[in-house]
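1. generate coordinates for the sequence data below:
(chains A, B, C and D)
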Number of protein chains: 2
Amino acid sequence: MKKKASLKDIASKVGVSTALVSYVLNGQEQEKRVGGEMVKKIRDAAVALHYTPNRIARSLRTKKTNTIGFVVADIDYRFSSGVMKAIEEGCLKYSWTVIYGSSGENPKKFAELLKVLVERQVDGLIIVPVEHCNKQIEELTKQRFPFVLIDRILPGIDANMITVKNEQVAHMCTGHLLGKRFRRIAYISYQSSLLNLADRKKGYLSAVRELGPPDPRLIKELPNLNRDEEVKVAIDELLALSPACDSIFFATDTLAVSGLRHLNALGIKVPEQLGILSFDESDAFELYRCPITHGRQPLDHIARLALDTLQRAIDGMPGRANHMLDMTFIEGKSCREK
Amino acid sequence: MKKKASLKDIASKVGVSTALVSYVLNGQEQEKRVGGEMVKKIRDAAVALHYTPNRIARSLRTKKTNTIGFVVADIDYRFSSGVMKAIEEGCLKYSWTVIYGSSGENPKKFAELLKVLVERQVDGLIIVPVEHCNKQIEELTKQRFPFVLIDRILPGIDANMITVKNEQVAHMCTGHLLGKRFRRIAYISYQSSLLNLADRKKGYLSAVRELGPPDPRLIKELPNLNRDEEVKVAIDELLALSPACDSIFFATDTLAVSGLRHLNALGIKVPEQLGILSFDESDAFELYRCPITHGRQPLDHIARLALDTLQRAIDGMPGRANHMLDMTFIEGKSCREK
DNA sequence: GTGAAAGCGCTAACAA
DNA sequence: TTGTTAGCGCTTTCAC
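-> Below you'll find the model as predicted:
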């Protein structure tokens, strides 16, 4: 690669000091009252030499990189790419660049990622926490590093958090199925210590309890080592119950997609034979034979709030944000009245 | 945020020079034959002070950031997230961090993105070019900046390029439909100056020509300002032809998904009433009523080759890579024999 | 074995 | 109005 021109190169070409060049190229020529022809000469030299500022050097000096880190749980999740897109757009406003990384739900990778981002001096972090990452998060808090947690809440942690009303929405979803006269509503989720899934389960249970004690056999919490296979087995078991389940509430979009694929293979008709509801949205739903009823997270709103909160944190503003956002309910045709 | 400890802090705590600390913390204690107890003292101090290296400072000094930039056309494309995931994984091997950015198919945003990445001193770039970006790419070549183009080929540009055999695969796909006795094969694509789409069209045309002159009314190239609407209109027109089209070959996954959604709405049965083939894969296909026959790009291979090529370029190796990769053909049930 | 010191490219306080 | 200079945190050469 060709050597890049530096401020010094311009300075010596024009015969002035680097300081002057710095002023001009940073638009401080008014403030510093640099002479008009000087400004022009410097500008011309910069162009002639193909000058590109070195932000690394600037960052070292100013102790600001104007870069934020964004740690997602898995790039394959619709949530991840959706929020990423929204964050990228929102960053224009702050002139931030974002370095993104995926932990793959792996605490070790998660810790490594945080380390690298901090070493690269990002000004702040937006984080989707994973299981068993409390130590890392606590360390950030202790170092007063600016960051905000999204999507998942860590209990007992002092941090900015933005999430949705998991329990309330799950309760409402289940209530919707009950309203459509489904009475054997299965719940398929993951085994997880993460609070958002625990909350969704709570919402499901509290809704079901309004009509009687929940049947534990209708609740499937999968280890998620081999999702497709586990969902397949779970659904087969649910359908073999007597009385069988008459509907399924999927706690995530990934589970719903796996489930629908299996139902397709079984030739089971939705909603005629089985009601289906998914907590989260998936793009794959749109090609399913009937529109799937599901919740929708306000991804743009989450991103905006996250950036806004992060900005405050970076500016050293005191206080913690703690937002629980509403979701949209998209009524399809997958829970038709029985 | 708390002030971070620096090498100097450790040095003065232990009472040695920063050089020594640097040696130890970079694992050069053997090579520099640093005393054993000294090593321990320095290590302990680093832990005690919560030392984190400042990569910005190191980068300024070494002129290497160990960061690469990855510019995609749109994060919503399956290709983008798929390659991104593969690149991220592949980067472990090189200890690279990747800064990703999306141009949104917008040349202005594209140029801006390149500028920012270069200013941030990325060691190299992996780029999915967009329309009208030739000037920027040529500038990179002129500056001998290390980069590699993927997915799309820019004609007449001196650069490393990795893509798939668009023409050959499109020819083969069309041939597959012909082999299933489809004779009125429509082709839906985008209006674009990009060579990969031109090549797909060439492949389609050359296959069709083997059985006679192509009917231009069967070819729809959409402006892609409002995809769903344009696809809807195009399909309606194709079905209204006499004789109507008996199958559709979609040049991209996004078009295929739009198209299938409309076919769903029309109640048209695939493959009974219409054969469907998509050049690219979409996750949404898996929930469609019948498995869609489609091509699959070797995303992992593309990523590996891209990283490998970039590494060479960064190391200043001469020569240009120019790979045209094969694709996998996934036979579903959407082109059943008529 | 260890340390002094230069310097990466830039900004900003201070001088003139 | 323009220039000098210190120094951000680190690596690395050279000297002791």
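
2. so how far is DNA strand C from A:E131?
-> Between A:E131 and DNA strand C the distance is 40 Å, computed by Cβ to the nearest atom of the strand, to the nearest Å. Any C-beta I mention is one placed from the backbone N, CA and C, and that applies to glycine too.

3. pretty sure A:E119 contacts B:A57?
-> No. In this structure, A:E119 is not within contact of B:A57 by Cβ atoms under 8 Å, at 10.4 Å.

4. find me whatever residue is spatially closest to A:L205, sequence neighbours aside.
-> What sits nearest to A:L205 in space, not counting adjacent residues and going by Cβ to Cβ, 6 or more residues apart in numbering or on different chains, is A:P214, at 5.6 Å.

5. surely that neighbour is within a helix?
-> No. Assessed with DSSP: H, G, I helix; E, B strand; the rest coil, A:P214 is coil; it does not lie in a helix.

6. break down chain A into its strands, ranges please.
-> Taking DSSP state E as the criterion, chain A carries its strands at A:67-72, A:97-102, A:124-127, A:147-150, A:160-164, A:185-190, A:219-222, A:247-250, A:275-278, A:293-296, A:322-325, A:328-330.

7. highest mean neighbour count out of these?
-> strand A:247-250 (a mean of 29; mean count of other Cβ atoms under 10 Å in any protein chain shown).

8. just want the residue of the stretch 151-300 of chain A that's nearest DNA strand C.
-> A:N160 (27.2 Å; Cβ to the nearest atom of the strand).

9. tell me the bridge partners for that residue.
-> Beta-bridge pairing for A:N160 (DSSP bridges): A:V148.

10. ok, back up a step: is it possible to get CSV of the strands of chain A that adds distance to B:H262?
-> CSV is the format used below for those (distance: least, Cβ to Cβ, whole Å):
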stretch, distance to B:H262
strand A:67-72, 32
strand A:97-102, 34
strand A:124-127, 37
strand A:147-150, 35
strand A:160-164, 32
strand A:185-190, 31
strand A:219-222, 35
strand A:247-250, 27
strand A:275-278, 23
strand A:293-296, 21
strand A:322-325, 33
strand A:328-330, 19
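
11. for stretch A:123-142, buried residues please.
-> Buried positions in stretch A:123-142, judged by neighbour count with 16 or more other Cβ atoms under 10 Å in any protein chain shown: A:D123, A:G124, A:L125, A:I126, A:I127, A:V128, A:P129, A:V130, A:C133, A:Q136, A:I137, A:L140.

12. wait, the third one touches A:F145, no?
-> Read that as A:L125. Yes. Counting by Cβ under 8 Å, A:L125 does reach A:F145; the two are 7.1 Å apart.

13. overlap in contacts, the two.
-> Shared contacts of A:L125 and A:F145, defined by Cβ atoms under 8 Å, 6 or more residues apart in numbering or on different chains, are absent.

14. contact partners for the residue of the stretch 151-300 of chain A closest to DNA strand C?
-> When contacts are counted by Cβ under 8 Å, 6+ apart, A:N160 touches A:F147, A:V148, A:L149, A:T309, A:L310, A:A313, A:R320, A:A321, A:N322.

15. then A:D283?
-> A:D283 neighbours (Cβ under 8 Å, 6+ apart): A:R78, B:V257, B:D283, B:A284.

16. ok, those vs A:L178, which is closest?
-> Within the contacts of A:D283, proximity to A:L178 (Cβ to Cβ) peaks at A:R78, which comes in at 27.0 Å.

17. how about the residues of chain A by DNA strand D?
-> A:15-20, A:32-35, A:38, A:57, A:60-61, A:63 (Cβ under 7 Å from any atom of the strand).

18. which among those residues are in contact with chain B?
-> For chain B, the contacts drawn from those by Cβ under 8 Å from any Cβ of the partner chain are A:A57, A:L60.

19. now the residues of chain A next to DNA strand D: which count as buried?
-> The neighbour-count test (16+ other Cβ under 10 Å) marks A:V16, A:L20, A:V34, A:M38, A:A57, A:L60 as buried among the residues of chain A next to DNA strand D.

20. what residues does chain A have near DNA strand C?
-> A:4, A:6-8, A:17-19, A:22, A:25-26, A:53-54, A:57-58, A:60-62.

21. redo that, cut-off 10 Å
-> A:3-11, A:17-26, A:28, A:32, A:46, A:51-64 (Cβ under 10 Å from any atom of the strand).

22. from those, which ones fall inside helices?
-> Mapping the residues of chain A next to DNA strand C onto helices (DSSP state H) picks out A:7-11, A:18-25, A:46, A:55-62.

23. contact partners for the residue nearest to A:L218 when sequence neighbours are not counted?
-> Distances taken as Cβ to Cβ, 6+ apart place A:A186 nearest to A:L218, at 4.5 Å, with adjacent residues excluded. Contact analysis of A:A186 by Cβ under 8 Å, 6+ apart lists A:L218, A:I219, A:K220, A:L238, A:C245, A:S247, A:I248, A:F249.

24. number of nearby residues for the closest residue to A:G203 other than its chain neighbours?
-> Distances taken as Cβ to Cβ, 6+ apart place A:A170 nearest to A:G203, at 2.9 Å, with adjacent residues excluded. When neighbours are counted by other Cβ atoms under 10 Å in any protein chain shown, A:A170 registers 29.

25. same thing with the one 4 residues further on?
-> For A:T174, the count of nearby residues is 25 (other Cβ under 10 Å).

26. A:K40 now?
-> A:K40 has 11 neighbouring residues, counting by other Cβ under 10 Å.

27. how about the contacts made by it?
-> Contacts of A:K40 by Cβ under 8 Å, 6+ apart: none found.

28. circling back: give me the buried subset of the residues of chain A next to DNA strand C.
-> Judged by 16+ other Cβ under 10 Å, buried ones among the residues of chain A next to DNA strand C: A:4-7, A:9-11, A:20-25, A:46, A:51, A:53-60.

29. so what's A:A11 up against?
-> Contact analysis of A:A11 by Cβ under 8 Å, 6+ apart lists A:S17, A:T18, A:L20, A:V21.

30. any idea how far it lies from A:S17?
-> A:A11 sits 6 Å away from A:S17 when distances are taken as Cβ to Cβ, to the nearest Å.

31. same deal with A:A73?
-> A:A73 sits 50 Å away from A:S17, taking Cβ to Cβ as the criterion.

32. wouldn't the residue nearest to A:G203 be in contact with A:D199 here?
-> Yes. Using Cβ under 8 Å, A:A170 is in contact with A:D199, at 7.0 Å.
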